[in-house]
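K.L.:
after the sequence you'll find the predicted model.
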Amino acid sequence: MAKIKRMPLFELGSRRPTTRTIALTVKSGGTAALTGAELRADQARYQEVSCRSALNRVRGMPFFDWTLNVYRGCTHGCHYCFARRYHEQFDMNPDDEFASVILVKINVADVLRHELDRPSWKRELVAVGTATDPYQPIEGHYKLTRRAFEVFAGARTPVSLVTKGPMVVRDRDVLQELDRRARCTVYMSVPTVDEDAWRTLEPGTAHPLQRLRAVRELTDAGIHAGVLMAPIVPGFTSSRSKIERTIKAIADHGARFIGCNVMHLKGGTRTHFMNFIAREFPAMRPRFEKLYATANAPAAYRKEAQAMVNVLQRRYGISKRDEKPSVDRTGERPEDEMPPDGAQVAFAWD
Ligand code: SF4
């Protein structure tokens, strides 16, 4: 008689909750209800989730139609980060929980492969890292971003990447391969090289010069890499001397292009940033409230910023950002139409 194989009644297995399950769990019990989230040495908690889709279709952006974000939340914890407000979609707060409760899309590479295998896929440009940093420190453990780039290379799909993580140099072999097969552009985000501003505004990031050294390593490896000097944060990084030092350092490290934008404040990001200013720099609060009566600083201020950058870019011989930029974290077009004589421009508020 044939041996009967016993099957378990319920296959508990190792399936991770979906992002929807996580959202419902947090809604009913707060982040304390994420009992499967692993507390790691950096004091952040990492919740593995299984995603149903990898690519996200975006509309209304000038240069790309698709984005991919491997993680949600970011331990870099920049106070101006526009993605803070997206954490609210999960009923998590855009303050501490944005930087300390990170969702990890553990199956993202497999789902991506499936999506890019579809006959309907037209190999359109995908922007990676538009909402959270694909090379935040936990990527050293999971290597999900690397695996996603391997999939992109296999599917000959062009990619642009935004990061503040020097860890990107670990994957230069895959990026080279991707560039050979399709196209790959790396946008390293370095808003300023001023140490005080860096420590104050971007508490979890690598030193700006470490990021610029990564740009040098990428360009030496033949990868098209430049710098997003964004956002310019009024009162912290906006003085002419700080902008000039930053552009000089960017040029010295062989960046292929540069882009910039002035800080944009909306939703939970606005709430977080204004609370941060009120708590840490109360004397600056009235000026921020005036400058940011709406989500954007006034157009004249933004044009002055771009004009100053234009002048200094020319002085240090570095071109404007790539003709097909991926994104900046404000989600806006850069102010490229600027007053002709930026040399006369100076900020009202350094
Ligand atoms: S700006 Fe970028 S690096 Fe900073 S917290 Fe946001 S996603 Fe992370």
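P.N.:
Received, thanks.
K.L.:
quick one: Cys51 from the ligand, how far?
P.N.:
When distance is defined by Cβ to the nearest ligand atom, to the nearest Å, Cys51 is 18 Å away from the ligand. Any C-beta I mention is one placed from the backbone N, CA and C, and that applies to glycine too.
K.L.:
what's the separation between the residue nearest to that residue when sequence neighbours are not counted and Tyr71?
P.N.:
Closest residue to Cys51 apart from its sequence neighbours, by Cβ to Cβ, 6 or more residues apart in numbering: Lys105 at 4.4 Å. According to Cβ to Cβ, to the nearest Å, Lys105 stands 7 Å off from Tyr71.
K.L.:
common neighbours of the two, please.
P.N.:
Leu144 (Cβ atoms under 8 Å, 6 or more residues apart in numbering).
K.L.:
which residue ranges form the strands in this structure?
P.N.:
38-39, 45-49, 55-57, 66-68, 71-72, 101-105, 126-128, 159-163, 184-189, 224-232, 258-262 (DSSP state E).
K.L.:
just send those back as TSV, with mean pLDDT and distance to Leu116 too.
P.N.:
As requested, these are exported to TSV (pLDDT from 0 to 100; distance: least, Cβ to Cβ, whole Å):
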stretch	mean pLDDT	distance to Leu116
strand 38-39	74	30
strand 45-49	93	21
strand 55-57	94	8
strand 66-68	95	10
strand 71-72	94	20
strand 101-105	94	16
strand 126-128	96	9
strand 159-163	96	11
strand 184-189	96	15
strand 224-232	95	22
strand 258-262	93	28
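K.L.:
quick one: the lowest-mean-pLDDT helix or strand in the chain to strand 101-105, angle?
P.N.:
Every helix and strand in the chain was compared by mean pLDDT, DSSP states H and E; the lowest is helix 19-29, with a mean of 72. Angle, helix 19-29 to strand 101-105, by axes from the mean of the first three to the mean of the last three Cα atoms, to 10 degrees: 160 degrees.
K.L.:
list the buried residues in helix 19-29.
P.N.:
Neighbour counts over helix 19-29 (16 or more other Cβ atoms under 10 Å) mark Thr19, Ile22, Ala23, Thr25, Val26 as buried.
K.L.:
tell me who's in contact with Val58.
P.N.:
Val58 touches Phe64, Asp65, Trp66, Thr67, counting by Cβ under 8 Å, 6+ apart.
K.L.:
near the ligand, which residues of the protein show up?
P.N.:
Contacts of the chain with the ligand, taken as Cβ under 6 Å from any ligand atom, map to Cys74, His76, Gly77, Cys78, Cys81, Ala83, Thr132, Asp133, Lys164, Arg329.
K.L.:
thank you kindly, that will do.
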